[in-house]
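**Student:** I would like the atomic coordinates for the input below:
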Amino acid sequence: MHETKVCTQCKQEKMLSEFYIERRALDKRTSACKVCARQKGIKWLEKNKSKRNEYLRRYRKLRPDLEKNRQLKHRFGITLEDYHELKNNRVIIVLSVKYHLMMWWQMLTTVIQQEKLEDYYVQNVIMD
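**Tutor:** Now for the predicted structure:
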């Protein structure tokens, strides 16, 4: 017994699982399917990009702790509490793994180039 519903946007009959849950609706589902709802959201964001950015700027300014927590979680996988705990314990936090990998790679390539140069020097200069 699979129940279906017609989307008000695309007019296609779809399974109920293809609609978001809406507790206020009689059938507890949104009138538009998930695909149409996403498209509507994307269009709204494109149309109101500056409005959305201004809202985010104001929100982040009002709640700097949440913004800092979001950045730490996204970039380094730690929370703001973890950051303060590590900072208070005077643990050095390596905040950029990319930087260290880049430095390691530069060092490695320099060593390889130096070895090639030494081999060349030994073969061509000393042997001659």
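
**Student:** does the residue nearest the centre of the chain sit in a helix or strand, and which one?
**Tutor:** In the chain, the residue lying closest to the centroid (CA atoms, centre = their mean) is His74, at 6.3 Å. For His74, the host element (DSSP states H and E) is helix 64-76.

**Student:** Not counting sequence-adjacent ones, nearest residue to Arg52?
**Tutor:** Leaving aside its chain neighbours, Arg52 sits nearest to Leu45 (6.1 Å; criterion: CB to CB, 6 or more residues apart in numbering). All C-beta atoms are positioned from the backbone trio N, CA, C, and that covers glycine.

**Student:** What residues of stretch 61-76 count as buried?
**Tutor:** Asn69, Leu72 (16 or more other CB atoms under 10 Å).

**Student:** can you give me the mean pLDDT across that stretch?
**Tutor:** On average, the pLDDT along stretch 61-76 is 84.

**Student:** Let me know the next secondary structure element after the top strand by length along the chain.
**Tutor:** Using DSSP state E, we find that the single longest strand of the chain is strand 29-33. Next along the chain after strand 29-33, taking DSSP H and E as the criterion, comes helix 34-47.

**Student:** which residues are contacting that following helix?
**Tutor:** Cys7, Gln9, Cys10, Glu18, Phe19, Tyr20, Thr30, Ala32, Arg52 (CB atoms under 8 Å, 6 or more residues apart in numbering).
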